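Participant: 3D, please:
(one chain, ligands or ions: 2)
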Amino acid sequence: MSQNPVLQLFNQAAPLLQRYLSPDDVQQAAQNLTAKAQQSSPVIMLYGLFNAGKSTLINALIGDEVAPEGSVPTTAQVQAYYWRGYQILDSPGMDANQAHSATTQAQLLQSDVVIMVLNSRGATEEQASYQGILQLLAQGRQVLVVINNTDDVDVASGEVASITDAVRAQLVQQAVHYPANVQVHLYALPLLWLNARAGLNGKLQHKQALLDYSGLPVFERTLQQAIERTAKADLLRVQACQLQPLFSQALQGINEQTQPSKAACVAEQSLVLQQQQQLIQGQLFGVIQQQSRHLKPGLKAALQQPDTAEHYLVTLSAELGQALQRAFEQQLAPLAAQWEQAEMQLQANNALASVMPECDWPRDADNLFAEQGQLSKPQVAELVNSLSRQQIEQALAVAQKVLPNLFGKMAKNGAGPLADKLVIMKASPWLLVIQEMLGGVWRYYRSQQQQDEQVAQSTRYQQQLNDVVEQFAAQYSEQAERAVNECLTPIFANAQQWLTQQSNQQDTQLIDDQQQLANYQHQLAQLAA
Ligand SMILES: Nc1nc2c(ncn2[C@@H]2O[C@H](COP(=O)(O)OP(=O)(O)OP(=O)(O)O)[C@@H](O)[C@H]2O)c(=O)[nH]1
Ligand SMILES: [Mg+2]
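Facilitator: Numbering: from 1, shown residues only. Ligands and ions are numbered 1, 2, ... in the order given. This next block holds a predicted model:
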């Protein structure tokens, strides 16, 4: 059995087929092939609508009333008989009922010579039978068409010839929808008239004239020839033909998962991420600009009231930081939902298992997607905390450059210790940066005041105070925007990178399978040729 090259090829391809087809389909094909590989002579099957006379024809061939006949749907399952040593199968009418037709179709795949029985009364209108015939021819199967029951037609007026011509014309007309080889097979297709009942009676009553009239002897010769044409090599070829749709189906399954649908899906998600990043950034920058505008009058008033200034600065810094955090939180919530949706879409596409990047940020994906997609405070804090020491140092360096007066003192001590402090505390770097900056403003103001009490009351000092407030507002905007970017960029960059990685990984596997399957398909086509 393992010598059978079709079976061998199938066994090789089976693990791959299973990845893209239902287990039932693959198992069914395996069973059919194994059964077929064990068979040494062709199987003949009678096929057609109910009441066509299939069972009567079996009886006529055998010369005995072995198969039950009837004017209602009679044959309920495929039944095997023997004619000249060959297995001949009677089948339920293909239109009888769903269960019966399913049995018939399954058995049809296993048969090598198919006798399509048409009832002379409706022969010119049997669309389903024509389709069946053309499909069988497309599979390279031996087919004989029988128009049965001459009792119902007017032989003398030439009705036999006109029905035959009409049936053949219908077949030729519909064959244009099938591969070119079908039309070639069609010209050689035997289309015979028969009176099965007369044939049976002729045999039973030993009446040669009746037998000759029935057309049975001609039919039997034609059948014998068809069987002889079905050599062993043909049996193998039929098996290979039967397997071809299964391979094509699997290849289609792979194609569905690869370009363009999956690539389009990944590209779509990538675009969604980009848009989301821009949107969130824009919203947060809006918040920052608003904050920066509003803080100026209060800050200026506060710096002129030494008693309450310190308290005001602490409150202001906390409020600014918290407002920004809230905005960030609000903006990230839809993002979480978006990612969840992206994940679902990609899963539906069977391409990716999960869209959450396995990266440092966010460190805990499950936490990020807490119930109802809401972000909790600690989760946002974690995002914010991811500002690196380097990033904080950069922020301080900028602050020193833009506000040399405010951060002049710090320059002497060096930015390092302050950065260390921020990194260690990490409760909320934005808050701390803001506090530190406001502290700088405060320290500057105090030192100016101590150096020259009079100057503090002067116009020049008022001017300086304005400058400080303006500078602080500008510096705050720049710092906060930078912090927002530094938080958002890695989140999105990681998500994008992860998407690409997953997509490439999947593609490699799919492309390998695709090539392998195409290779198997080529081998199968050679066996089917
Ligand atoms: N007069 C005449 N009657 C026929 C002929 N062939 C079949 N019949 C009758 O037509 C009826 C249906 O025949 P069956 O052989 O049972 O038809 P079938 O195709 O097997 O039908 P199902 O098993 O139901 O699918 C029976 O009553 C047969 O006796 C024929 O050539 N001449
Ligand atoms: Mg029957």
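Participant: contacts, neighbours, all on C-alpha from now
Facilitator: Fine.
Participant: Check whether stretch 114-132 comes into contact with ligand 1.
Facilitator: No. Counting by C-alpha under 6 Å from any ligand atom, ligand 1 is not contacted by stretch 114-132; separation bottoms out at 7.5 Å.
Participant: Any idea which residue of the stretch 251-400 of the chain lies closest to ligand 2?
Facilitator: Proximity of the stretch 251-400 of the chain to ligand 2 (C-alpha to the ion) peaks at Q252, 38.3 Å away.
Participant: Can you give me the neighbour number for that residue?
Facilitator: Per other C-alpha atoms under 10 Å, the neighbour tally for Q252 reads 15.
Participant: switch to numbering from 141
Facilitator: Understood, numbering begins at 141; the last thing we discussed is Q392.
Participant: residues contacting it?
Facilitator: By C-alpha atoms under 8 Å, 6 or more residues apart in numbering, no residues touch Q392.
Participant: secondary structure class for it?
Facilitator: Of the three states, Q392 takes helix under DSSP: H, G, I helix; E, B strand; the rest coil.
Participant: Can you give me the distance of it to A658?
Facilitator: Noted for Q392: a distance of 11 Å to A658, by C-alpha to C-alpha, to the nearest Å.
Participant: distance between the ends of stretch 231-241?
Facilitator: Terminal-residue distance, stretch 231-241 (C-alpha to C-alpha): 9 Å.
Participant: Oh, that last question was meant for stretch 185-192, not what I typed.
Facilitator: 14 Å.
Participant: Give me the mean pLDDT for that stretch.
Facilitator: Per-residue pLDDT over stretch 185-192 has a mean of 92.
Participant: The spatially closest residue to A315 that is not a sequence neighbour: what's it in contact with?
Facilitator: Excluding the flanking residues, the one nearest A315 by C-alpha to C-alpha, 6 or more residues apart in numbering is Q323, at 6.1 Å. Counting by C-alpha under 8 Å, 6+ apart, Q323 touches 312, 315-316.
Participant: closest to A246 among these?
Facilitator: Checking the contacts of Q323 against A246 by C-alpha to C-alpha gives A315 as the nearest, at 23.4 Å.
Participant: and the gap between the closest one and E265?
Facilitator: A315 is 16 Å from E265, by C-alpha to C-alpha.
Participant: Comparing those two, which residue is more hemmed in?
Facilitator: When neighbours are counted by other C-alpha under 10 Å, A315 and E265 differ, and A315 comes out ahead with 23 against 13.
Participant: Phi, psi for that one please.
Facilitator: phi -70, psi -20 (degrees, to the nearest 10).
Participant: Is it possible to get a markdown table of the contacts of Q323 that adds pLDDT?
Facilitator: Putting the contacts of Q323 into a markdown table (pLDDT from 0 to 100) gives the following:
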| residue | pLDDT |
| --- | --- |
| V312 | 93 |
| A315 | 92 |
| V316 | 90 |
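Participant: What are the buried residues along whichever helix or strand the residue nearest to A315 is part of?
Facilitator: Assessed by DSSP states H and E, Q323 sits inside helix 320-327. Across helix 320-327, burial judged by 16 or more other C-alpha atoms under 10 Å covers 322-323, 325-326.
Participant: what do you get for stretch 283-297?
Facilitator: Quick answer for stretch 283-297 (16+ other C-alpha under 10 Å): 283-290.
Participant: List, one by one, the residues from this protein near ligand 1.
Facilitator: 190-196, 209-215, 232-233, 288-289, 291, 335-337.
Participant: What subset of the residues you listed is buried?
Facilitator: 190-196, 209, 213-215, 232-233, 288-289, 335-337.
Participant: residues making contact with stretch 200-207?
Facilitator: For stretch 200-207, contacts defined as C-alpha under 8 Å, 6+ apart pick out 195-196, 198-199, 222-223, 336-337, 339-341, 343-344, 356, 360.
Participant: If we use 10 Å, what do you get?
Facilitator: The set of residues external to stretch 200-207 that reach it, using C-alpha atoms under 10 Å, 6 or more residues apart in numbering, is 194-199, 214-215, 219-224, 228, 230, 335-346, 351, 354, 356-357, 359-360.
Participant: got a list of what N199 touches?
Facilitator: Contacts of N199 (C-alpha under 10 Å, 6+ apart): 193, 205-209, 221, 223, 336-337, 339-341, 343.
Participant: rerun that using 7 Å as the cut-off
Facilitator: N199 sits next to 205-207, 340 when contact means C-alpha atoms under 7 Å, 6 or more residues apart in numbering.
Participant: any idea how this protein splits into domains?
Facilitator: Using automatic domain parsing, the domain parsing of the chain gives 178-397, 401-640.
Participant: Any idea how far apart the tips of the shortest one sit?
Facilitator: When the termini of domain 178-397 are compared using C-alpha to C-alpha, they are 37 Å apart.
Participant: Walking through the stretch 141-290 of the chain, point out its strands one by one.
Facilitator: Remark: strands assigned in the stretch 141-290 of the chain by DSSP state E, counting those that start in this stretch are 184-188, 219-223, 226-230, 253-259, 282-288.
Participant: pLDDT averaged over the longest helix seen in the chain, what's the number?
Facilitator: Looking across the chain with DSSP state H, the single longest helix is helix 599-668. Helix 599-668 shows a mean pLDDT of 76 in the predicted model.
Participant: just checking, what packs against that helix?
Facilitator: Under the contact definition 3 or more C-alpha pairs under 7 Å, 6 or more residues apart in numbering; DSSP states H and E, helix 599-668 sits against helix 372-397, helix 401-443.
Participant: how about CSV for these, with distance to L277 and mean pLDDT added?
Facilitator: Below are the helices and strands packed on helix 599-668 laid out as CSV (distance: least, C-alpha to C-alpha, whole Å; pLDDT from 0 to 100):
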stretch, distance to L277, mean pLDDT
helix 372-397, 11, 81
helix 401-443, 35, 77
